[in-house]
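Participant: Pasting the sequence and the predicted coordinates here, then a few questions.
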Amino acid sequence: MAVKTSEIKLSIELDKNNVPEKIKWEAEGGQTSRLADAFNLYLWDSLDKSVYNIEMWTKDMMVDDMNIHFFQSLMQMADAYKRATGNAEMAEKMKEFAYQFGEETKIIEIKK
């Protein structure tokens with residue numbers, strides 16, 4: 001039986017100093033090419049028991065947008081952690097940290 005595969009492609013346009021100017025991505029299955037201003041890719045190596053990562057953002061990425069990007073990433077990581085482990089209590093603690101991050105970076109209103 002043939003193994004099914006799928007690809008996600010990233011294309012990075014660099015300036016003369018190798019700083020990203022444009023990040024373009026596309027996935028099989030009907031997704032057309034899309035532009036992005038930042039991405040984080042984390043890969044788990046079970047042999048080394050370690051994470052390898054690629055983090056990249058364009059030179060035009062604004063700090064406020066980066067704060068929003070990280071806030072939303074933290075929230076999605078908490079949801080993914082809950083789905084992967086079933087540990088709702090720890091996922092909630094992760095979200096509490098994300099909310100604290102959001103409040104301190106002023107991207108969400110402080111809870112009263």
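Facilitator: Okay, I see it. Numbering: from 1, shown residues only.
Participant: what about the spatially most central residue of the chain, which SS state?
Facilitator: Geometric centre of the chain, nearest residue: N40, 4.3 Å, by CA atoms, centre = their mean. Assigned by DSSP: H, G, I helix; E, B strand; the rest coil, the conformation of N40 is strand.
Participant: sec struct for the nearest residue to it once chain neighbours are set aside, please.
Facilitator: Once flanking residues are discounted, N40 sits nearest to E55: 4.9 Å by CB to CB, 6 or more residues apart in numbering. (Glycine included, C-beta is placed from N, CA and C.) At E55 the chain is in strand, as set by three-state DSSP.
Participant: Surely E55 is in contact with P20?
Facilitator: No: E55 is beyond contact range of P20, at 10.8 Å (criterion: CB atoms under 8 Å).
Participant: Regarding this structure, what is its longest helix?
Facilitator: Longest helix of the chain, by residue count under DSSP state H: helix 63-85.
Participant: Mind giving me the packing neighbours of that one?
Facilitator: strand 38-45, helix 88-104 (3 or more CB pairs under 8 Å, 6 or more residues apart in numbering; DSSP states H and E).
Participant: Give me whichever of these is most buried.
Facilitator: Highest mean neighbour count among those (mean count of other CB atoms under 10 Å): helix 88-104, with a mean of 14.
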